[in-house]
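S.K.: what would the 3D arrangement of this be:
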Amino acid sequence: MQEIFNIFVKSIFIDNMVFAYFLGMCSYLAVSKTVQTSVGLGFAVIFVLGITVPIDYLINQYLLAPGALAWISPEFAEVDLSFLTFIMFIAVIASMVQLVEMIVEKFSPSLYNSLGIFLPLIAVNCAILGGSLFMQEREYPNIAQAVSFGLGSGVGWFLAIVGIAAIREKIRYSNVPAPLRGLGITFIITGLMGIAFMSFLGIKL
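M.R.: Residues are numbered from 1 along each chain as shown. As a prediction, the model looks like this:
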């Protein structure tokens, strides 16, 4: 249980998708103009990562990894389908994103309209695919740890986009030099937030 909690905390603060690996930056920059839309997209990313990472874990463990098909028959023990990793992971992500899009459109049309094209673009958000690939690379021994990592990564991305959105709403009333207005000052603030998150490297888990 302690290890699951450690993975969750580490994926939020230390291995943050935005500030540690700069993944998902396109949506992070484009949708972070208001806190409302950032919260909506952030929850969507948490949901997608929380679902796709464990599903991809099971697919990898029982279908794709070398020797994963041994449960069918000893004859398949030497079969290696790892070359299908990318296409299988992307197929799962695209399916889950379609599900999220349908749910948001059904229950919150205003949020659906606010997010616009960026909601279906979660399917090509590199933070989502990165979560599954990191899960595979780190070889978590059980699905509980994979779920913890997926949810933690989603929460970390959520904190990043909501944090930058809140700051961007405030700096509208600040005297920002003309050449830095818009994405310029956003990049600078993102860099400073990334440095701030580096302070969590001192946490011993």
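S.K.: mind checking how far the helix or strand bottoming out on mean pLDDT in the chain is from the chain centre?
M.R.: Using mean pLDDT, DSSP states H and E, the weakest-scoring helix or strand in the chain turns out to be helix 109-115, at a mean of 79. For helix 109-115, the separation from the chain centroid amounts to 20 Å (computed by CA atoms, centre = their mean, to the nearest Å).
S.K.: show me what that helix is packed up against.
M.R.: If you count contacts as 3 or more CB pairs under 8 Å, 6 or more residues apart in numbering; DSSP states H and E, helix 109-115 packs onto helix 35-59, helix 85-107. Every C-beta, even on glycine, is put in place using the N, C-alpha and C of the backbone.
S.K.: select, out of the ones you listed, the one closest to Leu119.
M.R.: With CB to CB as the criterion, Leu119 lies closest to helix 85-107 of the helices and strands packed on helix 109-115, at 5.4 Å.
S.K.: let's see the closest one as CSV, backbone CA atoms only.
M.R.: Below are the C-alpha coordinates for helix 85-107, written out as CSV (Å, rounded to 0.1, in the frame of the first residue of the first chain):
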residue,chain,number,x,y,z
THR,A,85,2.7,-1.7,-28.7
PHE,A,86,2.2,1.7,-30.3
ILE,A,87,-0.8,0.9,-32.4
MET,A,88,-2.6,-1.0,-29.6
PHE,A,89,-2.0,1.7,-27.0
ILE,A,90,-3.2,4.4,-29.4
ALA,A,91,-6.3,2.4,-30.2
VAL,A,92,-7.2,2.1,-26.5
ILE,A,93,-6.5,5.9,-26.0
ALA,A,94,-8.7,6.8,-29.0
SER,A,95,-11.5,4.7,-27.8
MET,A,96,-11.5,6.2,-24.3
VAL,A,97,-11.3,9.7,-25.7
GLN,A,98,-14.3,9.1,-27.8
LEU,A,99,-16.1,7.9,-24.7
VAL,A,100,-15.1,11.0,-22.8
GLU,A,101,-16.2,13.2,-25.7
MET,A,102,-19.7,11.6,-25.8
ILE,A,103,-20.1,12.0,-22.0
VAL,A,104,-19.0,15.6,-21.9
GLU,A,105,-21.3,16.5,-24.9
LYS,A,106,-24.2,14.7,-23.2
PHE,A,107,-23.9,16.2,-19.7
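S.K.: by contact count, what packs against that helix?
M.R.: Right, helix 85-107 is packed against helix 35-59, helix 109-115, helix 126-138 by 3+ CB pairs under 8 Å, 6+ apart.
S.K.: let's see that with 6 Å instead.
M.R.: Judged by 3 or more CB pairs under 6 Å, 6 or more residues apart in numbering; DSSP states H and E, helix 85-107 is in contact with helix 35-59, helix 109-115.
S.K.: who's sitting farthest from the centroid in this structure?
M.R.: The C-alpha centroid of the chain is most remote from Glu75, which lies 37.2 Å away (CA atoms, centre = their mean).
S.K.: now the helices and strands packed on helix 109-115 as CSV including mean neighbour count and mean pLDDT?
M.R.: Converted to CSV, these look like this (neighbours: other CB atoms under 10 Å; pLDDT from 0 to 100):
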stretch, mean neighbour count, mean pLDDT
helix 35-59, 22, 91
helix 85-107, 16, 89
